[in-house]
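**Student:** the following comprises the amino acid sequence and a computationally predicted model.
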Amino acid sequence: MASFSIPLTGLEADSTALNTIANDLANMNTTAFKAQTTNFSDLFYQQIGSTGSGDPIQVGAGVKVASNETEFTQGTISSTGNATDVALNGNGFFVVSNANGSYEYTRDGNFTQTANGNIVTASGQNVMGYPAVNGVVNTNAPLTAINIPVGQVQEPLATNSFSMTANLDADSAAGTTFPAQLTVYDSLGEPQVATVTFTETAPNTWSYSVALPASSFASGVSTPVTGTLAFNDDGVLTTVTPTGGAAETVGTAAGDVSSIPIAFTGLADDAADLNMQWNLLGSNGTPTVTQVDTASAVSSTNQNGYPSGQYQSFTIGSDGTVTVTYSNGQLQNVGQLALANVTNLQGLQLLGDGNYATTLASGTASIAASGTDGLATLQDGALEASNVNISSEFSDLIVAQRAFEANAKSVTTFDTVTQDTINMVH
C-alpha cells in the first residue's frame, strides 16, 4: 500500500540524513574533515486521473536521497609547532601513494616521518612531490616520495670563489701595508686562512699578495699569488696586473677581467689543489675594492665553500619546498610537495582516513606546485581543522529528527486506519 511505502521512503531518507549529521558530529575533531549535507528529491509520480479541464491528477510515491554533498570550505588553521604537520590554505589536496602505487588525495597534513626519512600520512602512505638534485627542484620530473636525509652527512665544498669589499687609504705613504684575512675551505672541508696583503707602491697603485700559512703546505713553504692594482683619481679600480703578466682592464666590457685567479698546490692535508677566483666586481658591476681618503678597512668578505655537515632539521616553505638544515649552516632543498585538484570536487570518492580517489565524475586530477594553477599555499607546523559547524549540525539534527518522527507518525496512523478497516469487515 502506498500509504505505508511513502512514509517508509521518508524514514529511509531521514535515516540517511541523521547518519550524515552523526558522522559530521563524530568527526568534529578530525583533521581537515569536510562536513556533508544530505539533499532530498521527490520520487516518480503516478497519474490517477485528470480534471475537467484536462489537467493531470498526479500522486507522488515518496522521497529519495538525491545527493550527499561535501562542503569543501576551508577549515581553521591552527599552529602545532611540529615540522611534519602541514596545512593547506586554499584549494587542492596533498598527493599520497597507496600500497599499489596509485595516487590518492588528502587535505590531512598530519604527517609523520619514518625511520628511513620518508614523509608519510598517519596511515603510512608516502607523501609525494617533485625531486631535487643538488638542491635544485625539478617540477618537470615524475613525482617521488619526499625523503628527508636523516643521519646523512653533507659533503664539503671546496672554495672556488671569494670576494672582498674593502677600501685602501688614498692618503697612505708608499710602503704602507694593510692585511686582510678570510677563511676558505679545501676539498676535504678543512678551513684555510688566506691573508691578502695590500702594499702601496706608488700613488694610486697597490700591490697585492694572497698567501696561506706555511703550515698549510706539505713542503712547509708558502708561495703567495701576487700582482698590482691600479686606481684612477676617483679611487675606482681600473686595472689589475698579475706578477709576470700584462695589465688588464677591470670591468664588464668585452676583453675586460672581473676576477683574479688564485691557486695553491701541495696542501699538507692531501686535499686537492685549491683553485679560486678572487671576484673584483659586485652584483652591480662596480669594483668592490676602492681607494679613497679614509682608513683602510674591510667591510665584508664572502666565499662559497663549506665544511662537511650533519643533518639537523627541515622546514616546508609556503610553496611546498622541503629545505634541510645542516650543522655547517648550509641549507639544501631536497624536494617540493605536489598538490592536486579536480574539476568536480563532488565527484570524488571518499575512502576514509581523510583520503579521496578520482572517479569518472570528478575527472582526472591535475598536479602542480603550490601557488600555481589556483592551488593552495602551505603552512608548515600547522594543521587544518574540521569545517563542521556544530550550530548548523544541531539545527539540521532537529529538523531531521522531526521529519523522522512525522514519517513514523504517518506509518502508525496508516496502521490504525488499516486496523479500523479490518475491524469493520469483521
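**Tutor:** Done, it's in. Residues are numbered from 1 along each chain as shown.

**Student:** where in this structure is pLDDT low?
**Tutor:** Counting by pLDDT under 70, the chain shows low-confidence ranges at 1-4, 411, 414-418, 420-421, 426.

**Student:** enumerate every residue touching the residue most central in space within it.
**Tutor:** The centroid of the chain falls nearest to G320 when counting by CA atoms, centre = their mean (1.1 Å). Neighbour list for G320: G129, Q336, L337, A338, L339, A369, S370, L378 [criterion: CB atoms under 8 Å, 6 or more residues apart in numbering]. Yep, even glycine has a C-beta here, placed from its N, CA and C like the rest.

**Student:** what residues of stretch 361-372 count as buried?
**Tutor:** Residues of stretch 361-372 classed as buried: S362, A365, I367, A368, A369, S370 (neighbour count, 16 or more other CB atoms under 10 Å).

**Student:** now, which of these sits nearest T31?
**Tutor:** Nearest to T31, judged by CB to CB, of those is S370 at 18.7 Å.

**Student:** residues touching the closest one, list them.
**Tutor:** G92, S318, D319, G320, Q336, L337, L339, A376, T377, L378 are the contacts of S370 under CB under 8 Å, 6+ apart.

**Student:** Y185 and N407, how far apart?
**Tutor:** From Y185 across to N407, the span is 80 Å (CB to CB, to the nearest Å).

**Student:** now G81
**Tutor:** G81 is 50 Å from N407, by CB to CB.

**Student:** of those two, which one has the most company?
**Tutor:** Set side by side, G81 and N407 show more neighbours around N407, with 21 against 8, by other CB atoms under 10 Å.

**Student:** assign a three-state SS to the more buried one, would you?
**Tutor:** What DSSP: H, G, I helix; E, B strand; the rest coil gives for N407 is helix.

**Student:** just among the contacts of S370, which is most surrounded?
**Tutor:** Going by other CB under 10 Å, L339 tops the contacts of S370 with 28 neighbours.

**Student:** could I get the helix or strand it falls within in CSV with only the CA atoms?
**Tutor:** Taking DSSP states H and E as the definition, L339 sits inside strand 331-341. Only the C-alpha atoms of strand 331-341 are listed here, as CSV (Å, rounded to 0.1, in the frame of the first residue of the first chain):
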residue,chain,number,x,y,z
LEU,A,331,70.5,24.9,3.6
GLN,A,332,69.6,22.5,0.8
ASN,A,333,66.3,21.8,-0.9
VAL,A,334,65.5,18.1,-1.0
GLY,A,335,62.1,18.2,-2.7
GLN,A,336,58.8,20.0,-3.1
LEU,A,337,55.4,18.8,-2.1
ALA,A,338,53.0,18.4,-5.0
LEU,A,339,49.3,19.4,-4.9
ALA,A,340,46.4,18.3,-6.9
ASN,A,341,42.9,19.3,-7.8
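
**Student:** report the distance from it to the chain centre.
**Tutor:** 5 Å (CA atoms, centre = their mean, to the nearest Å).

**Student:** so how far is V196 from the closest residue in space to W278 that isn't next to it in sequence?
**Tutor:** Counting by CB to CB, 6 or more residues apart in numbering, W278 lies nearest to I260, which is 4.3 Å off, once chain neighbours are set aside. Between I260 and V196 the distance is 10 Å, computed by CB to CB.

**Student:** these two: who's more crowded?
**Tutor:** V196 (23 against 19).

**Student:** list the contacts for that one?
**Tutor:** With contacts defined as CB under 8 Å, 6+ apart, V196 is in contact with M164, P179, A180, Q181, L182, Y208, S209, V210.

**Student:** out of those, which is nearest to A218?
**Tutor:** V210 (19.1 Å).

**Student:** could you pull out the helices for the protein?
**Tutor:** 2-26, 390-425 (DSSP state H).

**Student:** who are the neighbours in contact with A35?
**Tutor:** D24, T70, E71, S386, N387, V388, N389, E393.

**Student:** mind doing that once more with 6 Å?
**Tutor:** Counting by CB atoms under 6 Å, 6 or more residues apart in numbering, A35 touches D24, E71, N387, V388.

**Student:** can you add neighbour count and give these back as a markdown table?
**Tutor:** A markdown table is the format used below for the contacts of A35 (neighbours: other CB atoms under 10 Å):
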| residue | neighbour count |
| --- | --- |
| D24 | 25 |
| E71 | 15 |
| N387 | 19 |
| V388 | 22 |
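
**Student:** next, format the residues you listed as a markdown table and append distance to A13.
**Tutor:** Converted to a markdown table, those look like this (distance: CB to CB, whole Å):
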| residue | distance to A13 |
| --- | --- |
| D24 | 17 |
| E71 | 20 |
| N387 | 24 |
| V388 | 21 |
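
**Student:** closest one of these to N39?
**Tutor:** E71 (12.1 Å).

**Student:** identify the spatial nearest neighbour of S50, chain neighbours not counted.
**Tutor:** P56 (5.4 Å).

**Student:** what about that neighbour, how many residues nearby?
**Tutor:** 10.

**Student:** repeat for S67
**Tutor:** 12.

**Student:** cool, and E200?
**Tutor:** The number of residues packed near E200 is 21, by other CB under 10 Å.

**Student:** doesn't T176 make contact with it?
**Tutor:** Yes. The pair E200 / T176 is scored as a contact, 4.8 Å apart, by CB atoms under 6 Å.

**Student:** the chain - how does it break down into domains?
**Tutor:** What automatic domain parsing lists as the domains of the chain is 2-72+387-425, 79-147+333-384, 161-303.

**Student:** which of these is buried the deepest?
**Tutor:** The highest average neighbour count among the domains of the chain, using mean count of other CB atoms under 10 Å, belongs to domain 79-147+333-384 at a mean of 18.

**Student:** hmm, back to that, now do the residue nearest to the residue nearest to the centre of the chain when sequence neighbours are not counted against T315, distance only.
**Tutor:** Once flanking residues are discounted, G320 sits nearest to L337: 3.6 Å by CB to CB, 6+ apart. Shown here: L337 relative to T315, a distance of 12 Å by CB to CB.
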